[in-house]
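Colleague: Predicted coordinates and the sequence they were generated for:
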Amino acid sequence: MYFWNGQDYLPGRRDSGDAGQCRLLGEVQGETEAKAEGITAVTESASAYDVLIVYDGSKNGGATRFHVSKL
């Protein structure tokens, strides 16, 4: 699970002077056959996130809650 700052990564095509950056927030072991389609933070503490992920290709969206330790 990554945080992206929203800036363009393509050389010469940046939206502003800031370069795109991604920061690893934590690792999630989700469903292997389905594609993660949406995520929301349920809670956040100093050491972890609780997130809800829904999937495309899973029965009823396959909503799954994860506890992700911050790296």
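Modeller: Nice, thanks for sending it over. Numbering: from 1, shown residues only.
Colleague: residue contacts, residue 41?
Modeller: Contact partners of residue 41, counting by Cβ atoms under 8 Å, 6 or more residues apart in numbering, are 49-51. Heads up, the C-betas are built off the backbone N, CA and C, glycines and all.
Colleague: at 6 Å what do you get?
Modeller: Listed by Cβ atoms under 6 Å, 6 or more residues apart in numbering, the contact partners of residue 41 are 49, 51.
Colleague: what's the spacing between the helix or strand hosting it and its chain's center?
Modeller: Using DSSP states H and E, residue 41 sits within strand 35-44. Put simply, strand 35-44 sits 7 Å off its chain's centre (Cα atoms, centre = their mean, to the nearest Å).
Colleague: and the next element down the chain from that strand?
Modeller: strand 48-56.
Colleague: next structured bit after that next one?
Modeller: Criterion used, DSSP H and E; the element after strand 48-56 is strand 64-69.
Colleague: Give the rounded mean pLDDT of that following strand.
Modeller: Average pLDDT, strand 64-69: 88.
Colleague: ok, it: who's next to it in the sheet?
Modeller: Paired strands of strand 64-69, with direction, are strand 48-56 (antiparallel) (DSSP bridges).
Colleague: Can you get me a residue count around residue 55?
Modeller: By the measure other Cβ atoms under 10 Å, the count of residues near residue 55 is 19.
Colleague: if we can go back for a sec, the strand holding residue 41 - what's its average pLDDT?
Modeller: On average, strand 35-44 scores 90.
Colleague: can you check stretch 5-12 too?
Modeller: In this model, stretch 5-12 has a mean pLDDT of 74.
Colleague: Quick check: buried residues in it?
Modeller: Going by neighbour count (16 or more other Cβ atoms under 10 Å), nothing in stretch 5-12 comes out as buried.
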